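Novice: no sequence on this one, just coordinates:
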């Protein structure tokens, strides 16, 4: 399967107003100018008509990612591979696809129980992304071909979920980490796999081994900007608006991202960073890292 990137995310909220303020005034995204007035909130980061779809509901949670394949042939091939692997899926209707601004999509679940969608031909409106707080641009590649960023999800069955994304969805292994949060020598610890799809991002998906539910149904979601100053201005907005800081500024070891993490209105974390490494996968050997950051990323410190 040829997954090219994270096309969109859907998030459920009990308070659209909180997400409108958070998305525009804190993250610096633009409300999508070319989306219908259907009760949902849409955010634009780049040439794509939207990247975030916020839907009103009874919970505050991450609902699903939409993974993009490059065209109708790849979309048909993806369905064949799912059938061959015995993975059930449902094809979206033309009306549902139009609401997502794609030509077509299917919905399914991974072994960890996460809802996902696979889509093809998302619409690009090329309307300029005019950030209300002056973010010049978000790093999504040429015409968005690196996807909107990455997500990290928790799964109770790490081995099976990893095998699904590698062997069925076509992701590749980038890096692996193993954590011990308990001093007990018998504690097996928890694994974290970083997986890439067919774009230069170090990872578009991270899988964390955890049987406990995470706030907002997600570990974190990352968006990337183009300069340290953009991150610095973001830090100022976070402090001025008294947003809860998850981790302070730091630089990760494996993807080199300089970033900080804050709490979203859904409860999961948002990573806001710059300078993530871009990789040529034709000449890459997967790694195992024993440290998460070169410096910083201290919990609860802005």
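Specialist: Thanks, I have the structure now. Everything numeric in this text was worked out from a predicted model, so none of it was measured.

Novice: check contacts around the nearest residue to residue 11 once chain neighbours are set aside.
Specialist: Distances taken as C-beta to C-beta, 6 or more residues apart in numbering place residue 54 nearest to residue 11, at 5.1 Å, with adjacent residues excluded. C-beta: built from backbone N, CA, C; applies to glycine. Counting by C-beta atoms under 8 Å, 6 or more residues apart in numbering, residue 54 touches 10-13, 16, 19, 23, 40-43.

Novice: Got a PyMOL select line for the buried ones in the residues you listed?
Specialist: In PyMOL syntax, the buried subset of the contacts of residue 54 is picked out as below (16 or more other C-beta atoms under 10 Å):
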select buried, resi 10+11+12+13+19+23+40+41+42+43
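
Novice: Out of the contacts of residue 54, which is nearest to residue 101?
Specialist: For the contacts of residue 54, the residue nearest residue 101 by C-beta to C-beta is residue 42; the value is 9.0 Å.

Novice: I'd say the closest one and residue 52 touch.
Specialist: Yes. Counting by C-beta atoms under 8 Å, residue 42 does reach residue 52; the two are 6.7 Å apart.

Novice: Quick check: the gap between the residue nearest to residue 297 when sequence neighbours are not counted and residue 295.
Specialist: Once flanking residues are discounted, residue 297 sits nearest to residue 250: 3.1 Å by C-beta to C-beta, 6+ apart. Per C-beta to C-beta, to the nearest Å, residue 250 is found 6 Å from residue 295.

Novice: Compare the two (neighbour count), which wins?
Specialist: Using other C-beta atoms under 10 Å as the criterion, residue 250 and residue 295 rank with residue 250 on top: 20 against 11.

Novice: mind checking the SS state of that one?
Specialist: strand (DSSP: H, G, I helix; E, B strand; the rest coil).

Novice: Equivalent analysis for residue 231, please.
Specialist: helix.

Novice: Near the nearest residue to it once chain neighbours are set aside, how many residues? Count them for me, please.
Specialist: Using C-beta to C-beta, 6+ apart and skipping residues adjacent in sequence, the residue nearest residue 231 is residue 274, 5.5 Å away. Look at residue 274: counted by other C-beta under 10 Å, it has 20 neighbours.

Novice: Show me what counts as buried in stretch 207-223.
Specialist: For stretch 207-223, a neighbour-count test (16+ other C-beta under 10 Å) marks 207-210, 214, 216-223 as buried.

Novice: which ones are touching residue 241?
Specialist: Contacts of residue 241 by C-beta under 8 Å, 6+ apart are 25-26.

Novice: That should have said residue 99, apologies.
Specialist: 36, 38.

Novice: Against residue 212, how distant is it?
Specialist: For residue 99 relative to residue 212 (C-beta to C-beta), the value is 33 Å.

Novice: so what pLDDT did residue 190 get?
Specialist: Residue 190 carries a pLDDT value of 86.
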